[in-house]
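Participant: Show me how the following folds:
(one chain, ligands or ions: 1)
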Amino acid sequence: MGNIYTNMKIFQFKEKIDSLTQSDARIMAPLHIRIKPTNVCSHKCSYCAYRSDRLQLGKDMFTGDYIPREKMMEIMDDVIEMGVKAVTFSGGGDPFYYPYLLETVKKLTGSPVRFASLTNGSGLHGEIAEVFAQHATWLRVSIDGWDDRSYSQYRQVPEGEFTRVMANMENFSKLDGKCFLGVSLVIDELNAPEVYGFIERLKGIGVNSVKVSPCIVSNDCAENDLYHEPFYKQVREQVDRAVTELKDENFEIYDSYHAMNDKFQKEYTWCPYLQILPIIGADQNIYSCQDKAYNLDEGLIGSIKDQRFKDFWFSDKNKFFNINPSMVCNHHCVSNIKNNIVLDYLNADPEHAGFV
Ligand code: SF4
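Facilitator: Sure thing, here's the model as predicted:
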């Protein structure tokens, strides 16, 4: 298997990169779209970024919103017709609680559009699990607690839910489909001592990959680093040990647990990734990215309530340049490194380009 997490994937789509600037008249389809089918979720995670008052993310989210069935089918038709490469279903809420998810992904199974989903894993059983196992590219289950008691504490769910989710993942891995099963392990002060042991257990039930990342507690970089500082070394040692002892050709560890200054500060004035990986929210609004979803003041690009997604996307390129990251994005941004790489490429002086 090749490198599945590299920031350089975008360079497989050079025509798209070249089309991004305001001076280029072309508007090309997004490569990847994150769709939030519903904001409904059966878990109440204590750190959920969408529900935290301390984070700008999700500040205008209405928890009852979901994309109507007819609109979702229209979006699926559009993404197939537009030539979008990939769709990821994510929260707001849990995509597996969206009543039309099965119908939605079945529309994609016969198309060239790849799909994936994030989920809490609670609804990962039955026909939807089988369709994902056979047809999805990847599925990532977010987990924090390491046993029934801690999991219930994190999520305000009845004890036994952790055992069910672990069983769902183990059964899913036994379906033996092509879908890459991952876990997102969000680290905070409670689960910090448990990291190595839990990764080992996840490998044992057939999970293909674990992404380890820090819990984001503030829009401010220094405050996040300060929060993680007391247990940072303890976690780092365990992640390093897991990479050394557990990682192999069938088990990937995506180590995203590190100091965060490369994800906050921005000096650029337009965002390339906004045209590469936009968000369709459960409120039928289009947002710039997963770090500004449900932020109507700073992340909104437009609405598809009364128009098709493809008509919205291919009209007036100026809408992609209304967000100035140096002014409004100095919070956590998962695309910051990738934006810098793309801008560095686009800013290369053609007169000097040959002097590689
Ligand atoms: S710079 Fe980052 S946070 Fe700002 S719009 Fe772009 S992807 Fe989103």
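
Participant: Go ahead and confirm R114 touches T137.
Facilitator: Yes. Applying CB atoms under 8 Å, one finds R114 in contact with T137, separated by 4.6 Å. The way it works is simple: take the backbone N, C-alpha and C, and place the C-beta from them, glycine included.

Participant: overlap in contacts of these two?
Facilitator: By CB atoms under 8 Å, 6 or more residues apart in numbering, R114 and T137 have these common neighbours: A86.

Participant: Any residues of this protein in contact with the ligand? List them.
Facilitator: 266, 271, 273-274, 288-289, 291-292, 323, 325, 329, 333, 335-336, 339 (CB under 6 Å from any ligand atom).

Participant: The residue in the stretch 101-250 of the chain that the ligand sits nearest to: what's its closest spatial neighbour, skipping adjacent residues?
Facilitator: Taking CB to the nearest ligand atom, the ligand has its nearest neighbour within the stretch 101-250 of the chain at N219, 10.7 Å off. Here the nearest residue to N219 in space, its sequence neighbours aside, is H331; by CB to CB, 6 or more residues apart in numbering that works out to 3.9 Å.

Participant: I figured that neighbour was touching Q56, is that so?
Facilitator: Yes. Contact between H331 and Q56 holds when scored by CB under 8 Å: they sit 5.8 Å apart.

Participant: Report the set of residues contacting both of these two.
Facilitator: Common neighbours of H331 and Q56 (CB under 8 Å, 6+ apart) are N219.

Participant: Longest strand of the chain, counting residues only.
Facilitator: strand 180-187 (DSSP state E).

Participant: can you give me the helices for the stretch 1-150 of the chain?
Facilitator: Remark: helices assigned in the stretch 1-150 of the chain by DSSP state H, counting those that start in this stretch are 14-19, 69-82, 101-109, 126-135, 148-155.

Participant: which residues touch the residue of the stretch 101-250 of the chain closest to the ligand?
Facilitator: Counting by CB under 8 Å, 6+ apart, N219 has contacts 54-56, 330-332.

Participant: How about F314?
Facilitator: So F314 contacts I27 (CB under 8 Å, 6+ apart).

Participant: how close does it get to the ligand?
Facilitator: The gap separating F314 from the ligand is 20 Å, by CB to the nearest ligand atom, to the nearest Å.

Participant: Phi and psi next, for that residue.
Facilitator: Torsion angles at F314 (phi, psi; degrees, to the nearest 10) stand at phi -90, psi 10.

Participant: Which residues belonging to stretch 148-158 are considered buried?
Facilitator: For stretch 148-158, the neighbour count (16 or more other CB atoms under 10 Å) marks 148, 150-152, 154-155, 157 as buried.

Participant: Which one of those residues is nearest to E127?
Facilitator: For these, the minimum distance to E127 (CB to CB) is 23.5 Å, reached by V157.

Participant: With adjacent residues omitted, what lies nearest to that closest one?
Facilitator: That would be H43: by CB to CB, 6+ apart, it lies 5.6 Å from V157.

Participant: The longest strand of the chain pairs with which strands?
Facilitator: strand 138-143 (parallel), strand 209-214 (parallel) (DSSP bridges).
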